[in-house]
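Q: sequence first, predicted model second:
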Amino acid sequence: MTVFTDKNIILGVCGGIAAYKSAELVRLLVKQGANVQVIMTAAAQDFIAPMTFQALSGNPVRSELFDHNAEAGMGHIELARWADMILIAPATANTIAKLSQGIADNLLTTVCLASAAPLMIAPAMNQQMWLSDVNQENIQRFKNRPLVSLAGPAQGEQACGDNGPGRMEEAQTIVQECAQLLQDMLQQQIEKQVLSGLLDGQRLLITAGPTIEDIDPVRYITNRSSGKMGFAIAEAALEAGAEVVLVSGPVALSAPEKVVCYEVRSALQMHEAVFKQLDNVDIFIATAAVADYRVEDIATQKIKKTRDSFTLQLIKNPDILADVSALADKPFTVGFAAETSELEKYAVDKLQRKNLDMIAANQVGIDTDGQPKGFDVDSNELRLFFKTPEDFIKQKKIPEMSKQQLARELIREIARQYNK
Ligand code: C5P
């Protein structure tokens, strides 16, 4: 058994000199147990004959969108649904441009648009074309989409005599990348299944990101926070079946479609938005890095540097989490503690002082190798402290993993404690 066993793979072949390498791709995929159907663009057929792919895949090769005979066997929408993965190799600048804009003017681009399967692109083109602004914009737009991955391109000598980036990756490497993509998808499915139903029908309110406290129209005080952890928790809570409301400070992230997201700027606005949304909330998770203080008098005009020194008068912001926890009918409350030292001491103190049900503590700052920890990075580790019904404090460590996986582990533990 391999990760390809019984997987349905569409191989899209575009018109490029590297098309000959795709024959080897079909051979390797079929050898590892995949069912392969090849779609060729019209230009691809100038480089390699369909018969080669038909012989290697054991399936007829498709190229026409409106081929009545082929459509009678398996229509293009059926073909799109059949695929567990679509691999385009070689992918030309033209096809990448079309896909990045949602153009569907041939069978391959139409099937891609109509399919929910992950897409692996192995670009192949002249180095100047690869490096061109417009191609790079298309690639960036494309790469940011979920379920889209890139294999290559490799650097080196090109058929046109140039040297640079744009060569199609070797077949063996592309197959390895495809295996990794399928493996990741499988892992995600397993993780989603583990969460499924754990928080069915529960309403979750989550704060995320930093708050911004204005000094004057051009300056402000803020905290370091990307919002990634809070957004990942929102996603994991959705997977667990919860209804999720997010109140977020300014971040460069977009909330999952099914999450209701309120965007705020300051701590006061976040406090107000949270209290407006608190009705029927079962679980409140405060991941936001709320500014502890705000400027007492925000200047309406830009402050001029006329004085050698000057003092900003700051006043304390309300503690959103502590205020929610102080409610008579408080939801299950989870706080975060980002600390640069004495993690356990400060975390347990916050758990007690803010009357929380659970606190997730993580070390932040710069580690011994000079790398940032906790902030602006995609992975992290957490230590959870929570109260047992007998009021004992228990702890659990979640080792370093991606913030996405960490969020899932956290939601599992919250559900376990909440459902007790
Ligand atoms: O007291 P400290 O800021 O270290 O506590 C961190 C926890 O409290 C986090 O969960 C944070 O979201 C929450 N918090 C809050 N409102 C504040 C300050 C912190 O909700 N004003």
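A: That came in fine, so what should we check first?
Q: next, count neighbours for the residue of the stretch 51-200 of the chain found nearest the ligand.
A: Closest to the ligand within the stretch 51-200 of the chain is Leu199: 19.2 Å, counting by CB to the nearest ligand atom. (C-beta placed from N, C-alpha, C; glycine too.) As a burial measure, Leu199 scores 26 neighbours (other CB atoms under 10 Å).
Q: do the same with Asp184
A: By other CB under 10 Å, the residues close to Asp184 number 12.
Q: list the contacts for it?
A: Neighbouring residues of Asp184 by CB atoms under 8 Å, 6 or more residues apart in numbering: there are none.
Q: okay, it: pLDDT?
A: The model reports Asp184 with a pLDDT of 86.
Q: now it: how far from Gln404?
A: According to CB to CB, to the nearest Å, Asp184 and Gln404 sit 11 Å apart.
Q: over to Ile359?
A: The gap separating Ile359 from Gln404 is 21 Å, by CB to CB.
Q: helices and strands of this structure: which one has the lowest mean pLDDT?
A: None of the helices or strands of the chain scores lower by mean pLDDT, DSSP states H and E than strand 372-373, at a mean of 65.
Q: quick check: next helix or strand after that one?
A: Helices and strands here follow DSSP states H and E; after strand 372-373, the next one along the chain is strand 379-387.
Q: contact partners of that following strand?
A: Contact with strand 379-387 is made by 229, 343-344, 347-348, 351, 357-363, 373-374, 393-403, 406, 409-410, 413, 417, as judged by CB under 8 Å, 6+ apart.
Q: doesn't the residue of the stretch 51-200 of the chain closest to the ligand lie inside a strand?
A: No. Looking at Leu199 with DSSP: H, G, I helix; E, B strand; the rest coil, it is coil, so not inside a strand.
Q: who's in contact with it?
A: Counting by CB under 8 Å, 6+ apart, Leu199 makes contact with Ala237, Ala240, Gly241, Ala242, Ile283, Ile411, Ala415, Tyr418.
Q: and the protein, what are its domains?
A: The chain breaks down into these domains under automatic domain parsing: 8-189, 197-419.
Q: turn the ones you listed into a markdown table, including distance to Thr2.
A: Formatted as a markdown table, the domains of the chain follow (distance: least, CB to CB, whole Å):
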| stretch | distance to Thr2 |
| --- | --- |
| domain 8-189 | 4 |
| domain 197-419 | 24 |
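Q: about what we covered before: out of the contacts of Leu199, which are buried?
A: In those, burial by neighbour count holds for Ala237, Ala240, Ala242, Ile283, Ile411, Ala415, Tyr418, counting by 16 or more other CB atoms under 10 Å.
Q: can you count the residues close to the residue lying closest to the last one once chain neighbours are set aside?
A: When you say that, I think you mean Tyr418. Spatial nearest neighbour of Tyr418, chain neighbours left out: Phe332 (4.8 Å); criterion: CB to CB, 6 or more residues apart in numbering. A count of nearby residues for Phe332, using other CB under 10 Å, gives 19.
Q: and Phe332, bridged to which residues?
A: Judged by DSSP bridges, the bridge partners of Phe332 are Ile283.
Q: now do the same contact list for it.
A: With contact taken as CB under 8 Å, 6+ apart, Phe332 is in contact with Asp282, Ile283, Phe284, Asp357, Met358, Ile414, Gln417, Tyr418.
Q: just give the nearest non-adjacent residue to the third one, would you?
A: Excluding its sequence neighbours, the residue lying closest to Phe284 (CB to CB, 6+ apart) is Pro331, at 4.6 Å.
Q: am I right that Glu213 is in contact with Val295?
A: Yes. At 5.9 Å, Glu213 counts as touching Val295 under the criterion of CB atoms under 8 Å.
Q: overlap in contacts, the two.
A: Ile221.
Q: comparing the two, which residue is more hemmed in?
A: Remark: of Glu213 and Val295, Glu213 carries more neighbours, 22 against 19, as counted by other CB under 10 Å.
Q: name the SS class of that one, please.
A: For Glu213, the assignment made with three-state DSSP gives strand.
Q: which helix runs longest in the protein?
A: Criterion DSSP state H: the longest helix present in the chain is helix 171-195.
Q: list the buried ones in it?
A: In helix 171-195, counting by 16+ other CB under 10 Å, buried: Ala171, Ile174, Val175, Glu177, Cys178, Ala179, Leu181, Leu182, Met185, Glu191, Leu195.
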